[in-house]
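[1] what would the 3D arrangement of this be:
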Amino acid sequence: MSARNRRRTVAAGTGVLAAGLLVVAGGAAVLLPDGETGSKPGAHAAVRSGSPSPAASTAVAPSVAGDGDPDAMPEVAAYFQVKDPGGETVRHVTDVRRSGAFLRVYTDLDEGDENTDAAITLCEWAAEYLERYDGEGEPIVFVHAEESGNGHVVLANKQSADDDCRVGETR
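    Okay, here's the model as predicted:
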């Protein structure tokens with residue numbers, strides 16, 4: 001599949017995922033067929049009562065809203081929301097972007113949060129998304145800390161099939 005066709009396919013799924021995400025974030029139920037396949041992202045029944053926490057609903061707003069940037073990947077942010085309906089991990093995501101063959105997940109985590117559960121989980125989910133829905137080559141993922149004097153430090157990454165998302169000792 002060419003990059004252009006892949007982007008068209010991804011763009012088509014973006015609207016469906018974003019709509020589902022808005023319904024879930026609003027506290028309603030989203031029901032999709034039990035017989036879903038790996039051909040498109042989705043969720044089984046997801047119910048939340050009450051209103052979502054502000055941190056969970058606004059953390060991925062820049063990506064989900066899409067900013068017209070062709071490198072923005074709002075469908076990945078929506079996929080994270082489906083994987084984490086309680087918002088414990090996804091609340092840290094501030095942006096998801098494609099950078100060439102790489103997928104970059106930007107977070108509000110500190111640069112000292114290397115190899116934390118949240119960073120590793122986001123890396124694994126991003127790699128899973130790429131394996132299921134991108135289909136071209138091995139997934140390459142970088143999970144970044146909030147910008148600091150050192151830039152966006154890498155907290156977790158996957159650069160090959162043998163990689164487990166953990167970064168090596170850097171200090």
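
[2] does residue 89 touch residue 121 like I think?
    Yes: using C-beta atoms under 8 Å, residue 89 is in contact with residue 121, at 5.0 Å. C-beta: built from backbone N, CA, C; applies to glycine.

[3] and the closest residue to residue 84 other than its chain neighbours, how many neighbours?
    Leaving aside its sequence neighbours, residue 84 sits nearest to residue 90 (C-beta to C-beta, 6 or more residues apart in numbering; 4.3 Å). A total of 25 residues lie near residue 90 under the criterion other C-beta atoms under 10 Å.

[4] just residue 117 next, same as before
    10.

[5] ok, which stretches of this protein are strands?
    Secondary structure of the chain (DSSP state E): strands located at 93-99, 102-107, 141-144, 154-158.

[6] so for residue 165, which of the ones you listed sits nearest?
    Residue 165 lies closest to strand 154-158 among those, at 4.7 Å (C-beta to C-beta).

[7] now do the contacts for residue 104.
    Counting by C-beta atoms under 8 Å, 6 or more residues apart in numbering, residue 104 touches 96-98, 141-142, 144.

[8] let me see the ranges of the helices in the chain.
    In the chain, the helices defined using DSSP state H lie at 3-25, 54-58, 61-65, 74-83, 117-129.

[9] ranking these by mean pLDDT, which is last?
    With a mean of 38, helix 54-58 has the lowest mean pLDDT of these.

[10] any idea how far residue 88 is from residue 157?
    In this view, residue 88 and residue 157 are 21 Å apart by C-beta to C-beta, to the nearest Å.
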